[in-house]
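Chemist: Have a look; sequence and predicted model below, questions after that.
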Amino acid sequence: MPEGDVVWRTAQRLHAALAGHRLTLWELRWPSLATTDLRGGQVLDVVSAGKHLLCRIERDDRRFTLHSHLRMEGSWHLRRAGSGSAVSGRRLTEADIRAVLGTDQWTAIGHRLGMLDLVATSDEHTLVGHLGPDVLGASWDPGAVVAALERHPTRAIGDLLLDQRVLAGVGTFYMAEALFLRGVSPWTPAGQLPMDRLAALVDLVSRLMTANRDRGVQITTGDARQGRTNYVHARSGRPCRRCGEIIRVAMIGEAPRDRTAFYCPRCQPGPAPDADTPPPAPLGARRRGEARIRRR
């Protein structure tokens, strides 16, 4: 699932292309919104709120917000207005297109969007009001996040970092990488971490996401070479870059909202649900024990 830095970057690109221009094209391929029409409206801005995108539009002295969420596979793409790939032909009729917004200069196409809503801008809170402080937002408040973590002393710290009501924008990638860098097992109860360690963890999450928000590759190791950009996420069954132990993966959180957590059992000592099970095969292996790893 795209995380806060990807969504922030998407909002920046959409804002640069659409803000200040009037809509000449409006098509929402979403059953509840299919008959809406905001052509002629002016795009005021496009902003991110955690993993959510908010496109604000003014028409006839009324302000509306088109809200979208990328979920697992969603994305927004920009094409020059009038180009065949954007406004005519096969591209525009692809089954995975959910929204098309166009101005005289650009067309924005939403593919495989997981959520799409249209509300009065004054009602935005009904869609994003539940979110905790946005890691990349202007009102980012790390102290409020630490306080929220301390209010749930029995919950696993990895699960709390994924809870958008605690802090908005973090997904499994930044959860796993930040906890590895701080040497904390994802299943450690938050109450077992003193306030200074919680504060350091929250600060690290913020710094990692801020460093990555302007580039297309998420890097936590400082090494931009392919296959070397991160420590544990999606590396189960492979050796830890620090100690050589096999990276493990297990589910964290309550079903059906549980998510995958990658970790190194040696670098991140503490509770883990799979501590007594054999090491996993590498992700992408053709069969257990056979990994598709290219040697360079």
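Modeler: The structure has been received and is ready for your questions.
Chemist: I'd say Val202 and Leu167 touch.
Modeler: Yes - between Val202 and Leu167 a contact is recorded at 7.4 Å, counting by C-beta atoms under 8 Å. Bear in mind the C-beta positions are built from the backbone N, C-alpha and C, glycine included.
Chemist: Overlap in contacts, those two.
Modeler: Residues touching both Val202 and Leu167 (C-beta atoms under 8 Å, 6 or more residues apart in numbering) are Val145.
Chemist: Can you name the next helix or strand after the longest helix along the chain?
Modeler: In terms of residue count, the longest helix belonging to the chain (DSSP state H) is helix 195-212. Sequence-wise, the next helix or strand downstream of helix 195-212 (DSSP states H and E) is strand 248-252.
Chemist: That following strand pairs with which strands, and in what direction?
Modeler: The pairing partners recorded for strand 248-252 under DSSP bridges are strand 259-263 (antiparallel).
Chemist: buried ones in the strand it pairs with?
Modeler: Of the residues in strand 259-263, those scored as buried under the neighbour-count criterion (16 or more other C-beta atoms under 10 Å) are Arg259, Thr260, Ala261, Phe262, Tyr263.
Chemist: tell me the contacts of Leu44?
Modeler: Counted by C-beta under 8 Å, 6+ apart, Leu44 has contacts Ala19, Arg56, Ile57, Glu58, Arg63.
Chemist: what ranges do the helices span in the chain?
Modeler: For the chain, helices defined by DSSP H occupy the ranges 4-18, 84-87, 125-128, 142-150, 157-162, 172-182, 195-212.
Chemist: got TSV for these, with mean pLDDT and mean neighbour count too?
Modeler: Compiled in TSV, the helices of the chain are given as follows (pLDDT from 0 to 100; neighbours: other C-beta atoms under 10 Å):
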stretch	mean pLDDT	mean neighbour count
helix 4-18	97	22
helix 84-87	46	16
helix 125-128	98	14
helix 142-150	98	18
helix 157-162	98	24
helix 172-182	98	24
helix 195-212	98	18
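Chemist: The ones you listed: which one's closest to Gly244?
Modeler: helix 172-182 (14.3 Å; C-beta to C-beta).
Chemist: Any chance of the helices of the chain in a markdown table with distance to Ala49 as columns?
Modeler: Putting the helices of the chain into a markdown table (distance: least, C-beta to C-beta, whole Å) gives the following:
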| stretch | distance to Ala49 |
| --- | --- |
| helix 4-18 | 9 |
| helix 84-87 | 27 |
| helix 125-128 | 5 |
| helix 142-150 | 15 |
| helix 157-162 | 17 |
| helix 172-182 | 17 |
| helix 195-212 | 14 |
